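> Please work out how this folds:
(chains A, B, C and D)
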There are 2 protein chains.
Amino acid sequence: MTPHVLVVEDEEPIAQLLKYNLEKEGYRVSVAGDGEEALLLADEGKPDLVVLDWMLPKIAGIEVCRRLRSARESRNTPIVMLTARGDEGDRIRGLDTGADDYIVKPFQMSELLARLRAVMRRIRPALADDKVAAGDVTLDRGSHRVKRAGRDVHLGPTEFRLLEYLMQHPGRVFSREQLLDAVWGSEVYVEARTVDVHIGRLRRALNAGQEFDPIRTVRSAGYSFDAEG
Amino acid sequence: MTPHVLVVEDEEPIAQLLKYNLEKEGYRVSVAGDGEEALLLADEGKPDLVVLDWMLPKIAGIEVCRRLRSARESRNTPIVMLTARGDEGDRIRGLDTGADDYIVKPFQMSELLARLRAVMRRIRPALADDKVAAGDVTLDRGSHRVKRAGRDVHLGPTEFRLLEYLMQHPGRVFSREQLLDAVWGSEVYVEARTVDVHIGRLRRALNAGQEFDPIRTVRSAGYSFDAEG
DNA sequence: CGGTTATTTCACGATAGTGTCACGCAAGGT
DNA sequence: ACCTTGCGTGACACTATCGTGAAATAACCG
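Residues are numbered from 1 along each chain as shown, chains lettered A, B, ... in the order given. Next comes the predicted model:
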């Protein structure tokens, strides 16, 4: 599936310019004209990346950023903000609110695209299909369902995202810190050991009535998801 | 352990300013005055983050960036570059060469610190193909697995790192002190003979059911990993 | 609001991994 | 042969790390 970008920009010509160029690059693009619309579209469109103008009518950019970050759905969606030249204060506040990057207006389109590429590269693995399957485990993002050997498995939201992330890179070992960053988000601080507890619950739910445990503990390194075999 | 930052900057006042402020933030800081020194320090200091001035004597910033990216040690170390105002071309080239971010000079210290915080949150996920193989032994950093002739070999963390280090330079002999420094780290003190014990454990695990021992003892010199042949 | 569900932290026990030592054998020199 | 030095390894006390139940919070949902 092609990456989906949400552009939040109130100046129509700029919005169109962005849409045109991004689509040429192969992205799917939605445009929101103000903060309210942005939150609405973000909620239903589940974009993979948000380009966010800092000066917006109705709801300020920083507020949009904060709300996107506090909503579970969009907690890990990269946000690139557009700021006016010279407003360092805004940039710092933005980055600390959870934006991943910024571009100063006026910008070169080539630079913006390079930035987006850089940001996308960091999360590329997340842009997989709707369904992930490995071994006898199936995870469906659409219906938010997980099955083990055909049986439905009930997971809490965090366990779901944890499994989702692990299954996206089968066999790969992630440290607790990496998992916290990927699953919980980089802006919240929780103890690394919390991961253990969720891994435990995930295991209990996933392995009910099964003997093989697809989640591997690598001592002093982290956890990984491994299909049987 | 506190994060270690390598600052590569040829203008002494700026370098000192950076060092001062970064240390105040709790980072450990090394300073390199040119590209050559940068590569040297990066190699031996294993920094967690590199702040790289783009205009350097001897070796240009972009070249330093490229070499850091191609070296195994520093492949996943985030790089933030410092560029002069208005040089969009450089920035784009830099980002595409593998830099993770840039700051335009002159910059606000607070902005730079905010950027570094943002970059530090994301430890670059290691690339897929970081495997080492020699003879019938395979070591995969990503999945944290070691195989001998196709069979899984279980190693403790220290044995894993030890083998990893030895396999990186097949045939080369390392003294116990060198191995302690590379595998255990320079800040801990352990007896040199401890290496022997770990070599022994590594051998036992690796050679189970095999007749050839890929680890060679060089009397009064050290150990090396040698593929069969 | 009240009740439910999810999340986080803590503490404790279980277990895997680590560093030292000591003893015996091996290698090398004279 | 004999002595010296270096290496391999079993044993053991000590740590670090992991799994998990339970308690305390926080989020959610009518």
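
> Close to DNA strand D: what parts of chain A are there?
A:72, A:193, A:196-197, A:199-200, A:203-204, A:217-222 (Cβ under 7 Å from any atom of the strand). For every residue, glycine as well, the C-beta is placed using N, CA and C.

> Show me the domain layout of chain A.
A:4-126, A:131-225 (automatic domain parsing).

> just these: most buried one?
domain A:4-126 (a mean of 18; mean count of other Cβ atoms under 10 Å in any protein chain shown).

> roughly how far out does that one sit from the chain middle?
Taking Cα atoms, centre = their mean, to the nearest Å, one finds domain A:4-126 lying 13 Å from the centre of the chain it belongs to.

> ok, is it in contact with DNA strand C or not?
No: Domain A:4-126 is not in contact with DNA strand C by Cβ under 7 Å from any atom of the strand; minimum separation 8.0 Å.

> Give me the mean pLDDT for stretch A:217-229.
Throughout stretch A:217-229, pLDDT has a mean value of 92.

> try stretch A:49-62
Averaging pLDDT along stretch A:49-62 yields 83.

> how long is it end to end?
Across stretch A:49-62, the terminal residues are separated by 16 Å (Cα to Cα, to the nearest Å).

> can you tell me if that stretch touches chain B.
No: legend: contact between stretch A:49-62 and chain B by Cβ under 8 Å from any Cβ of the partner chain is lacking; minimum distance shown is 13.8 Å.

> Can you name the residues in contact with that stretch?
The contact list for stretch A:49-62 (Cβ atoms under 8 Å, 6 or more residues apart in numbering or on different chains) reads A:3-11, A:14, A:18, A:27, A:34-36, A:38-39, A:42, A:64-65, A:68, A:74, A:77-84, A:87, A:90, A:93-94, A:97, A:99, A:116, A:119-120.

> same thing with stretch A:190-203?
Under Cβ under 8 Å, 6+ apart, the answer for stretch A:190-203 is A:155-156, A:158-159, A:162-163, A:176-177, A:179-180, A:184, A:213, A:215, A:217, A:223.

> Quick one: the strands in chain A, in order.
In chain A, the strands defined using DSSP state E lie at A:4-8, A:28-32, A:49-53, A:79-84, A:101-105, A:131-134, A:137-140, A:145-148, A:151-153, A:215-218, A:222-225.

> With adjacent residues omitted, what lies nearest to the residue in chain A positioned nearest to DNA strand D?
Of all residues in chain A, residue A:217 sits closest to DNA strand D, at 3.4 Å by Cβ to the nearest atom of the strand. Closest residue to residue A:217 apart from its sequence neighbours, by Cβ to Cβ, 6 or more residues apart in numbering or on different chains: residue A:223 at 5.9 Å.

> For that neighbour, name its beta-bridge partners.
Beta-bridge partners recorded for residue A:223 (DSSP bridges): residue A:174, residue A:217.

> and it, what is it in contact with?
A:166, A:173, A:174, A:179, A:195, A:199, A:215, A:216, A:217.

> Tell me who's in contact with the second one.
In other words, residue A:173. Taking Cβ under 8 Å, 6+ apart as the definition, contacts of residue A:173 comprise A:216, A:218, A:221, A:222, A:223, A:224, B:142, B:143, B:144.

> So for it, what's the pLDDT?
93.

> Quick check: phi and psi at it.
Residue A:173 has phi and psi values of phi -90, psi 130 when expressed as degrees, to the nearest 10.

> Please enumerate the helices of chain A.
Using DSSP state H, the helices of chain A run over A:12-24, A:35-45, A:61-70, A:88-97, A:109-123, A:157-168, A:176-179, A:193-206.

> Alpha carbons of stretch A:159-175, as PDB, please.
The C-alpha trace of stretch A:159-175 is given here as PDB (Å, rounded to 0.1, in the frame of the first residue of the first chain):
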ATOM      1  CA  GLU A 159      -0.400  -5.800  23.400                       C
ATOM      2  CA  PHE A 160      -1.800  -5.400  19.900                       C
ATOM      3  CA  ARG A 161       0.600  -2.700  18.900                       C
ATOM      4  CA  LEU A 162       3.400  -4.600  20.500                       C
ATOM      5  CA  LEU A 163       2.700  -7.700  18.600                       C
ATOM      6  CA  GLU A 164       2.100  -5.700  15.400                       C
ATOM      7  CA  TYR A 165       5.500  -4.200  15.700                       C
ATOM      8  CA  LEU A 166       7.300  -7.400  16.500                       C
ATOM      9  CA  MET A 167       5.500  -9.200  13.600                       C
ATOM     10  CA  GLN A 168       6.500  -6.600  11.200                       C
ATOM     11  CA  HIS A 169      10.100  -7.600  11.600                       C
ATOM     12  CA  PRO A 170      10.000 -11.300  12.300                       C
ATOM     13  CA  GLY A 171      13.100 -12.700  13.900                       C
ATOM     14  CA  ARG A 172      14.600  -9.300  14.700                       C
ATOM     15  CA  VAL A 173      15.400  -8.600  18.300                       C
ATOM     16  CA  PHE A 174      14.300  -5.300  19.800                       C
ATOM     17  CA  SER A 175      15.600  -3.900  23.000                       C
END
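
> starting at the chain centroid, how far to it?
Computed by Cα atoms, centre = their mean, the chain-centroid distance of stretch A:159-175 equals 14 Å.

> and that stretch with DNA strand C, contact?
Yes: residues of stretch A:159-175 contacting DNA strand C under Cβ under 7 Å from any atom of the strand: residue A:159.

> thinking again about what came up before, tell me which of the helices of chain A lies nearest to residue B:150.
helix A:157-168 (25.0 Å; Cβ to Cβ).

> Could you tell me the angle between that closest one and helix A:193-206?
With axes from the mean of the first three to the mean of the last three Cα atoms, to 10 degrees defining the directions, helix A:157-168 sits at 80 degrees from helix A:193-206.

> Check which helices and strands helix A:157-168 is in contact with.
strand A:131-134, strand A:137-140, helix A:176-179, helix A:193-206, strand A:222-225 (3 or more Cβ pairs under 8 Å, 6 or more residues apart in numbering or on different chains; DSSP states H and E).

> And the ones you listed, which one averages the lowest pLDDT?
strand A:131-134 (a mean of 81).

> if I look at residue A:44, how far off is residue A:32?
Remark: distance between residue A:44 and residue A:32 (Cβ to Cβ, to the nearest Å) = 11 Å.

> Actually, residue A:40.
From residue A:40 over to residue A:32 the distance is 8 Å, taken as Cβ to Cβ.

> ok, now residue A:115?
Distance from residue A:115 to residue A:32, by Cβ to Cβ: 20 Å.

> Could you do residue A:203 as well?
Counting by Cβ to Cβ, the gap from residue A:203 to residue A:32 is 41 Å.

> And residue A:180, by the same measure?
From residue A:180 over to residue A:32 the distance is 30 Å, taken as Cβ to Cβ.

> Please apply the same query to residue A:152.
Per Cβ to Cβ, residue A:152 is found 36 Å from residue A:32.

> before we move on, what about residue A:137?
In terms of Cβ to Cβ, residue A:137 sits 36 Å off from residue A:32.

> This completes my enquiry, with thanks.
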